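> dropping the sequence and predicted coords here.
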Amino acid sequence: CLAGRRHLCKDTSGIGVNRPGAFAEYVVIPQTNVWYCDKSIPEELFSCFDPLGNAVHTALSFDVLGEDVLITGAGPIGIMAAAVARHAGARYIVITDVNPYRLELARRMGVTVTLDVRTESIADCMKQLGMKEGFDVGMEMSGNDNAFSSMLDVMCHGGKIALLGIQDEDTAINWNKVVFNGLTIKGIYGREMFETWYKM
């Protein structure tokens with residue numbers, strides 16, 4: 001907290017996580033948690049700020065300008081992260097999932113390629129896009145160990161992975177791929193107060 005990284009405070013007490021949630025008409029919170037929203041933003045959009053904050057923090061953890069980005073997990077946060085990456089200038093954005101509805105939403109949001117990993121392979125997609133070395137940036141949003149393992153297989157040497165999805169405690173990782181390919185894996189927790197809000 002004293003170093004300006006309040007989102008990493010070991011004594012964080014999250015509203016709705018560590019104490020009763022904020023779906024009540026009134027809630028008591030610290031003044032520093034209050035964020036002024038411009039009157040031009042409709043109130044019904046305020047509830048999107050939390051997942052959008054996670055998406056922005058994840059998508060902007062590494063430079064994506066001109067980079068090839070793989071996102072595993074086309075849930076709301078994964079799709080929002082894809083939109084942020086596109087806005088930030090990513091070259092190709094590939095998103096994977098097993099839910100056709102979510103993949104269609106991602107397609108409508110302007111993702112370069114959506115893949116149903118039950119029937120399509122990431123390697124084939126890379127060939128179709130003319131990619132030779134792998135993805136520069138990965139965003140693991142699903143929490144699925146197979147998705148994370150697949151991501152490790154298709155990253156370029158020196159690739160960077162932002163890990164928001166919560167993996168099982170016993171998830172196996174091929175550390176040889178991480179070490180010998182020089183991969184960077186960064187855990188993402190919440191939002192950076194208040195930098196993420198300014199970026200949003």
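Perfect, I can see it now. Only a predicted model underlies this, so the values are computations on that prediction, with no experimental measurement involved. Numbers count the residues shown, from 1 in each chain.

> show me what contacts the residue nearest to N99 when sequence neighbours are not counted?
Nearest residue to N99 in three dimensions, chain neighbours excluded: A74, at 6.8 Å (Cβ to Cβ, 6 or more residues apart in numbering). Just so you know, the C-beta spots here come from the backbone N, C-alpha and C atoms, and that holds for glycine as well. Each residue near A74 by Cβ atoms under 8 Å, 6 or more residues apart in numbering is listed here: A82, I95, T96, D97, N99, R102, L103, L105, A106, T114.

> how about the most centrally placed residue in the chain, secondary structure?
Among the residues of the chain, the one closest to the centroid is T58, at 4.2 Å (Cα atoms, centre = their mean). State at T58, reduced to three classes by DSSP: H, G, I helix; E, B strand; the rest coil: helix.

> that one is in contact with I161, isn't it?
No - taking contacts as Cβ atoms under 8 Å, T58 lies outside contact range of I161: 10.3 Å.

> what's the overlap in contacts for those two?
Joint contacts of T58 and I161 (Cβ under 8 Å, 6+ apart) are M139.

> the longest strand in the protein is where?
Counting residues, the longest strand found in the chain (DSSP state E) is strand 155-163.

> which positions in the following helix or strand past that strand come out as buried?
For strand 155-163, the succeeding helix or strand toward the C-terminus, using DSSP states H and E, is helix 175-180. The neighbour-count check on helix 175-180 (16 or more other Cβ atoms under 10 Å) flags V178 as buried.

> alpha carbons only: can I get helix 175-180 in PDB?
Extracted C-alpha coordinates of helix 175-180, given in PDB (Å, rounded to 0.1, in the frame of the first residue of the first chain):
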ATOM      1  CA  TRP A 175       8.700 -25.400 -16.900                       C
ATOM      2  CA  ASN A 176      11.200 -26.400 -19.600                       C
ATOM      3  CA  LYS A 177       9.000 -24.500 -22.100                       C
ATOM      4  CA  VAL A 178       8.900 -21.500 -19.800                       C
ATOM      5  CA  VAL A 179      12.700 -21.500 -19.100                       C
ATOM      6  CA  PHE A 180      14.100 -22.500 -22.500                       C
END
